[in-house]
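Any chance you could fold what I've pasted below:
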Amino acid sequence: MLFFDPTYILVIIGALICVAASSSMKNTFRKYAKVRSATGLTGAEAAQRILQMNGIYDVTVQHIQGELNDHYDPRNKTLSLSDATYGSTSVAAIGVAAHECGHAMQHNDGYVPLTIRGSLVPVANFGSMAAWPFIILGLFLNNASSMMFINIGIILFSAAVLFQFVTLPVEFNASRRAEQQLSALISGEEVGAVKKVLSAAALTYVASAAAMVLQLLRIFLLRNNRR
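Alright, predicted model coming up:
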């Protein structure tokens, strides 16, 4: 039942949603990565300007290898920009850099959802790794303890699902902050292009949350079948 059951359709649907969202994001980024900003600012320069405009001087902007792995780390106040962002003068690069600055602004302002997400990281990481061993053990056992193990797995996996949902307002808010800041740096037409890039990126987070919910629904169905 565990390896050959109709609930796998939920996993497949979730995977297809994530693949579609990721593909859309990459295509949109690559499209606007070819459009040079009239300002001539690189992603790194745009990030520095936005941080300074908001009175943030203790965040380090650094270059990291990779593509679309840009991120802000509140633990050491480091804003890391990838190969496709750091030195690029494209509209897409400036948009991604501004989005990461949005996270730095959230941290500086004490944005509550960002704080909550940060506190959930270790719990979500542990829950996503430990949930399935408990669930599989519960499905294979044929005694009174089986449902207990499955329920523990559900609780652990729910922590990972909660993390995904807390991530949504954090990412949406960072994009809104980015758009507001960029209106003072680039033209309205370029801001419109940035919005398309950031909207495509936001869909990847929505897709990830939806996939996690479908996984959780599958676990509930497996538990009910086991019962």
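
Identify the residues contacting the residue most central in space within the chain.
The structure's the chain has its C-alpha centroid closest to Tyr205; by C-alpha atoms, centre = their mean the separation is 4.9 Å. Residues touching Tyr205, when contacts are defined by C-beta atoms under 8 Å, 6 or more residues apart in numbering, comprise 164, 167-168, 171. From N, CA and C alone the C-beta is placed, and that goes for glycine too.

I'd like those laid out as CSV, including neighbour count, distance to Tyr86 and pLDDT.
As requested, the contacts of Tyr205 are exported to CSV (neighbours: other C-beta atoms under 10 Å; distance: C-beta to C-beta, whole Å; pLDDT from 0 to 100):
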residue, neighbour count, distance to Tyr86, pLDDT
Gln164, 20, 28, 95
Thr167, 19, 24, 96
Leu168, 16, 27, 97
Glu171, 20, 21, 97
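
Quick check: the two most widely separated of those residues?
Across the contacts of Tyr205, the two members that end up farthest from each other (C-beta to C-beta) are Gln164 and Glu171, 10.6 Å apart.

per-residue confidence for the residue located most distally from the centre of the chain?
The outermost residue of the chain, judged by C-alpha distance from the chain's mean C-alpha position using C-alpha atoms, centre = their mean, is Asn143 at 39.6 Å. According to the prediction, Asn143 has pLDDT 71.

Can you pull the phi and psi angles for it?
When read as degrees, to the nearest 10, the backbone of Asn143 gives phi -140, psi -170.

residues touching it, list them.
Not one residue lies near Asn143 by C-beta under 8 Å, 6+ apart.

now the helices for the chain?
Counting by DSSP state H, the chain forms helices over residues 8-32, 43-53, 83-86, 91-109, 112-140, 146-182, 188-226, given from the N-terminal end onward.

any chance of those helices in JSON lines, plus distance to Gln65?
Putting the helices of the chain into JSON lines (distance: least, C-beta to C-beta, whole Å) gives the following:
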{"stretch": "helix 8-32", "distance to Gln65": "17"}
{"stretch": "helix 43-53", "distance to Gln65": "14"}
{"stretch": "helix 83-86", "distance to Gln65": "6"}
{"stretch": "helix 91-109", "distance to Gln65": "15"}
{"stretch": "helix 112-140", "distance to Gln65": "23"}
{"stretch": "helix 146-182", "distance to Gln65": "23"}
{"stretch": "helix 188-226", "distance to Gln65": "20"}
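
Quickly compare those and say which is most buried.
Ranked by mean neighbour count under mean count of other C-beta atoms under 10 Å, the helices of the chain are led by helix 91-109, which reaches a mean of 26.

Relative to the whole chain's centre, how far out is that one?
14 Å (C-alpha atoms, centre = their mean, to the nearest Å).

what's the angle between it and helix 43-53?
Helix 91-109 and helix 43-53 meet at an angle of 30 degrees, taking axes from the mean of the first three to the mean of the last three C-alpha atoms, to 10 degrees as the criterion.

same for helix 91-109, what does it pack against?
When contacts are defined as 3 or more C-beta pairs under 8 Å, 6 or more residues apart in numbering; DSSP states H and E, helix 91-109 sits against helix 8-32, helix 43-53, strand 71-73, strand 78-81, helix 83-86, helix 112-140, helix 146-182, helix 188-226.

okay, the angle between it and helix 8-32?
Using the same axes, to 10 degrees, the interaxial angle of helix 91-109 with respect to helix 8-32 works out to 110 degrees.
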